[in-house]
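> Structure of the sequence below:
(one chain, ligands or ions: 1)
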Amino acid sequence: KKLGVALVGLGSYSTYQLAPALLDTAHCYLAGIVTGTKEKEEVWANKYNISQDSIYNYDDFDSIKDNPHIDIVYVVLPNSMHADFSIRAARAGKHVICEKPMAMNVEECDAIITACKKANVKLGIGYRLHSEPYTQQVKRFVKEKTFGNIRYISADAGYYSGSNPNQWRLDKSLSGGGALVNMGVYAIQSLIYGTGENPISVAAQEFSTRPKYFKGTDETITAQFEFKSGAVGNIMTSHNANANRLYASCEKGWFELNPANNYGPLQGTTSKGDKISFPHESQQKLQMDDFAKHILFDAPNLVPGEMGKRDMIIVEAIYKSIAEDGKKQVLDFEPRYGFG
Ligand code: NAD
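Residues are numbered from 1 along each chain as shown. Next up is the predicted model:
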């Protein structure tokens, strides 16, 4: 059986990545759409052969509970709408994939997790890289200690956000934050799977060079982390500079991905002179099939809701550190979920 997926929000990520990937998935397919834009209904219905009774808008969305063809609801809306639609999907008895960042704050993450548990549905976050071979190779280096213990890890994730100050990502009421919540979560993720540990502290700094453009959201942030093993780490995230890299300095060498978090193909090198190299496949295809396998065959959930919540705890600690002039914040994660 192939599981039916309904995409909620037909913006650029749904249009150019998720919907095309769902044509190639082995265990799920695009069965429904939820859109606030009437004109998109017919275009999508024709292009993806979606039946009229699997097309919803934001108001009649809850009646999706009566649709036996939809198994998974994938929330691909601005961040401020993630919690509302994820919770409504769970209440409709559908499994949920919620895009990153999981929500506006930790409290909303908890509400999503609770709603999914209560409805007995599965919850995954849209961190596609966990299904991606270069990232999985990094996890193997860490697990097998190919280069010994990690001493220092650095990750950068950012892009130049152009010249449209009216985009929702720069409106805090819709995004919850700036570069940190949009791209910084990738750098946080890189640090954690690149060390195999959750951090125990963070201290952060914010830089603003175009305050008129970035009115209410962070432009560039750096943050330093400590890990229990003794490893230290640094991230840089920006809406004003292109950056896409993971670098780990280890006891017996180093490994690097550059790019580390775009749609691929990624690239990797190591101190042994090897190139890390895998055939390219759509990351979104791999990600959605992994989630479908979790539902169908009880395969591991590579990106549980708790992982999205953990990252939001770190995001909040970073903003707190900045508000307190770079004061180090203690982080205490138990259980140590979200890597391996
Ligand atoms: P987008 O701006 O291209 O699309 C947003 C969609 O939401 C549009 O269809 C828009 O009509 C709809 N929408 C509903 N209410 C809106 C409002 N008040 N303001 C603006 N749009 C509104 O955004 P996107 O790039 O598709 O991002 C959507 C989500 O997916 C975000 O949470 C983003 O972080 C995430 N995303 C994840 C990845 C990834 O690689 N995992 C990549 C891109 C985006």
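> For the ligand, give me its nearest residue in the protein.
Of all residues in the chain, Gly11 sits closest to the ligand, at 1.7 Å by CB to the nearest ligand atom. In this view, the C-beta of every residue, glycine as well, is placed from N, C-alpha and C.
> So which residues of the stretch 151-300 of the chain form strands?
For the stretch 151-300 of the chain, the strands identified by DSSP state E, counting those that start in this stretch occupy 201-207, 220-226, 232-238, 240-250, 253-257, 268-270, 275-276, in order along the chain.
> For Ile87, find the nearest of those strands.
Smallest distance to Ile87 across the strands of the stretch 151-300 of the chain (CB to CB): 27.9 Å, for strand 232-238.
> Tell me the helices and strands packed up against the helix-or-strand element of the chain with minimal mean pLDDT.
Least confident element among the helices and strands of the chain, by mean pLDDT, DSSP states H and E: strand 275-276 (a mean of 94). Counting by 3 or more CB pairs under 8 Å, 6 or more residues apart in numbering; DSSP states H and E, the packing neighbours recorded for strand 275-276 are strand 268-270.
> so what's Leu3 up against?
By CB atoms under 8 Å, 6 or more residues apart in numbering, the contact list for Leu3 reads His27, Cys28, Tyr29, Asp71, Ile72, His95, Ala292, Ile295, Leu296.
> residues in contact with the fifth one?
Put plainly, it is Ile72. With contact taken as CB under 8 Å, 6+ apart, Ile72 is in contact with Leu3, Gly4, Val5, Ala6, Cys28, Lys94, His95, Val96, Ile97, Phe291, Ala292, Ile295.
> Format the residues you listed as JSON lines; extra columns: distance to Leu123.
What follows is the contacts of Ile72, written out as JSON lines (distance: CB to CB, whole Å):
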{"residue": "Leu3", "distance to Leu123": "15"}
{"residue": "Gly4", "distance to Leu123": "17"}
{"residue": "Val5", "distance to Leu123": "14"}
{"residue": "Ala6", "distance to Leu123": "15"}
{"residue": "Cys28", "distance to Leu123": "16"}
{"residue": "Lys94", "distance to Leu123": "11"}
{"residue": "His95", "distance to Leu123": "7"}
{"residue": "Val96", "distance to Leu123": "5"}
{"residue": "Ile97", "distance to Leu123": "8"}
{"residue": "Phe291", "distance to Leu123": "10"}
{"residue": "Ala292", "distance to Leu123": "14"}
{"residue": "Ile295", "distance to Leu123": "11"}
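> What score does Phe333 have for pLDDT?
As predicted, Phe333 sits at a pLDDT of 88.
> could you dump the helix or strand where Ala6 lies to PDB, C-alpha only?
Taking DSSP states H and E as the criterion, Ala6 maps to strand 3-8. These are the backbone C-alpha positions of strand 3-8, laid out as PDB (Å, rounded to 0.1, in the frame of the first residue of the first chain):
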ATOM      1  CA  LEU A   3       0.100   6.100   1.800                       C
ATOM      2  CA  GLY A   4      -1.700   9.300   0.600                       C
ATOM      3  CA  VAL A   5      -0.100  12.600   1.500                       C
ATOM      4  CA  ALA A   6      -1.900  15.900   1.600                       C
ATOM      5  CA  LEU A   7       0.300  19.000   1.200                       C
ATOM      6  CA  VAL A   8      -0.900  22.000   3.200                       C
END
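> Quickly run through the sheet partners of that strand, with directions.
Counting by DSSP bridges, the strands paired with strand 3-8 are strand 28-34 (parallel), strand 72-75 (parallel).
> now, of those strands, which is deepest in the fold?
strand 72-75 (a mean of 27; mean count of other CB atoms under 10 Å).
> just to revisit the earlier point, identify the residues contacting the least confident helix or strand of the chain?
Residues lying outside strand 275-276 but in contact with it, judged by CB under 8 Å, 6+ apart, are Tyr134, Gln137, Phe255, Leu257, Gln267, Gly268, Thr269, Thr270.
> swap the cut-off to 10 Å and go again
Counting by CB atoms under 10 Å, 6 or more residues apart in numbering, strand 275-276 makes contact with 133-134, 137-138, 141, 255-257, 266-270, all of which sit outside it.
> Selecting buried members of the residues you listed in ChimeraX, what would you type?
Typed into ChimeraX, the line below selects the buried ones among those, using 16 or more other CB atoms under 10 Å:
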select :133,134,137,138,141,255,256,257,266,268,269,270
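> pLDDT below threshold where in the protein?
Along the chain, the parts satisfying pLDDT under 70 run over 334-340.
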